[in-house]
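Trainee: build me a model:
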Amino acid sequence: MINNEQYKEDIKDILNDAILERNKTFALEFQHLNLQNYYYKTDEAVAELDIESEIIDELIEDYVKQIMDAETQFINILNKLKHDQTLGNKLDFKELRELAHKNLGVARNLRIIDAQSFLTILMKEDNLEAIQQALSALVLSTVILKPEIAYNTMLNA
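Mentor: Alright, predicted model coming up:
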């Protein structure tokens, strides 16, 4: 069992690592999206949805769990697509796009701009490398939203 100090240190490390990797990824692969200085704030969702910030915060926690759980599904689908590509089979993106669409609705409702961008790429892109990059960026941005929730979800997966 992890002691409390180690747990806090792990959360701090996962957040710092995610921020560093996010900054690098956003500056290189996703510079065209102009997200380098984007960080989610609940204010927009609170104002537009007319919901208390505590409720938005709970919804964000649920969203983080949902994305962290979906990451494994995305990876499995992507691996199958890569395998099919290697075999020269026609690629069927339906399952990937359905999963992305499901998560995109939540990101839109909560006004999470970077997640919307990455999930849109997952829904529309046919290039497997670009899909992999978008998935990695989505997970990084999700970890930054709620690092403790993301960490706990990964531990319990």
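
Trainee: which residues sit in contact with L104?
Mentor: A115, Q116, L119, T120, M123 (Cβ atoms under 8 Å, 6 or more residues apart in numbering). Heads up, the C-betas are built off the backbone N, CA and C, glycines and all.

Trainee: and I51, which of the three is it?
Mentor: The three-state assignment at I51 reads coil, by DSSP: H, G, I helix; E, B strand; the rest coil.

Trainee: the closest residue in space to it that isn't next to it in sequence: which element?
Mentor: Using Cβ to Cβ, 6 or more residues apart in numbering and skipping the chain neighbours, the partner closest in space to I51 is A45 (7.3 Å). Element membership for A45, per DSSP states H and E: helix 43-49.

Trainee: C-terminal to the lowest-mean-pLDDT helix or strand in the chain, what's the next element?
Mentor: None of the helices or strands of the chain scores lower by mean pLDDT, DSSP states H and E than helix 43-49, at a mean of 87. Next in sequence after helix 43-49, counting helices and strands by DSSP H and E, comes helix 53-87.

Trainee: and the average pLDDT for the next helix or strand after that next one is what?
Mentor: The first helix or strand that comes after helix 53-87 along the chain, using DSSP H and E, is helix 94-109. Averaging pLDDT along helix 94-109 gives 96.

Trainee: in helix 94-109, what's buried?
Mentor: Neighbour counts over helix 94-109 (16 or more other Cβ atoms under 10 Å) mark L96, R97, L99, A100, N103, L104, V106, A107 as buried.
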